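Student: Sharing a sequence plus its predicted fold:
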Amino acid sequence: MMLWSMSPRTNGPALTYRKLVPDGMLIGARWVLENRTSRMNSWRLEHIAVHPLRGVRTRPGRTGRSRHSGGWSLATCLLFLVALSSGEASEAGPWLLVDTEALTLTVMQGGQPQMTLENIAIGRYGASPEKRRGDNMTPRGRFRVHRINRDSEFYRFIGLDYPDIQRARQAYQAGDIGRRELQAILGAHDRGAAPPQGTVLGGNIGIHGLGEGDPQLHETMNWTRGCVALTDEQIDALLSWVRIGMTVEIR
């Protein structure tokens, strides 16, 4: 059965799955809502467990055996939970994985790479999960493609929905942004609109080409203010995969 509850840790809804199976075992999984917009919800797997229940017997059928085809071993329960948890990382369609250490951008289908673009450039001061305005760092995290500009000063620009909900809530709890700014960011995500770009968290984060930029500089160093940069040829190849709402994970 599926149960809605409120998670004290996330201050938001959580989704819990529980199933009592033969041999007296209770298996369960719990997801928390990480990002909710008017277009789609993003869930994160928080917990999976198998609980042997003492004194619990399954109801026998007419033949004296369980109504199910057979008992569930612990291994079977674990395999079932693995199947449940696989939905957390997989996407129904292609998604993008940016590796800020290897300097690669990979188009993924589920867990399988479809195309890898090498020698990308990121922020001139590297990448961080705690990006701030003007730090010239690329934010690590999980984002969605919000817009596509095919006539950008950087040739092509794939805009991301940064700052994201999780980052905004953390910044609010740390006192870096006020309640009004938090509500503006959350409201924009809920409407599928661009979140405010002028807070202390920074903005205008995306994936772009070079345009009038220096190809030799691109080949030798990280140079952006926080975006992910490709060559013009690379971003043209990438755009054949990109769709509004596509997941982009920057690690």
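Tutor: Structure received.

Student: Report how many residues lie close to the nearest residue to residue 139 once chain neighbours are set aside.
Tutor: Of all residues not flanking residue 139 in the chain, residue 131 sits nearest, at 3.9 Å (Cβ to Cβ, 6 or more residues apart in numbering). Every C-beta, even on glycine, is put in place using the N, C-alpha and C of the backbone. Neighbours of residue 131 under the rule other Cβ atoms under 10 Å: 24.

Student: Check whether residue 131 sits in a helix, strand or coil.
Tutor: coil (DSSP: H, G, I helix; E, B strand; the rest coil).

Student: again with residue 172
Tutor: Applying three-state DSSP: residue 172 is helix.

Student: what about it, distance to residue 195?
Tutor: Distance, residue 172 to residue 195, using Cβ to Cβ, to the nearest Å: 13 Å.

Student: So between those two, which is more surrounded?
Tutor: Ranked by neighbour count (other Cβ under 10 Å), residue 172 and residue 195 place residue 195 first, with 24 against 17.

Student: List the contacts of that one.
Tutor: Applying Cβ atoms under 8 Å, 6 or more residues apart in numbering to residue 195 gives the contacts 161, 162, 163, 164, 168, 184, 185, 188, 189, 203.

Student: now do 7 Å
Tutor: 161, 163, 185, 188, 189 (Cβ atoms under 7 Å, 6 or more residues apart in numbering).

Student: ok, now residue 103?
Tutor: 119, 120.

Student: hmm, 10 Å instead?
Tutor: 117, 118, 119, 120, 121, 122, 222, 228 (Cβ atoms under 10 Å, 6 or more residues apart in numbering).

Student: Over to residue 146?
Tutor: 158-162, 188-189, 192-195, 205-206, 244-246, 248.

Student: Repeat that for residue 234.
Tutor: 105, 115, 117, 118, 119, 120, 156, 207, 209, 210.

Student: Kindly report the same for residue 149.
Tutor: Residue 149 touches 155, 156, 157, 158, 159, 206, 208, counting by Cβ under 10 Å, 6+ apart.
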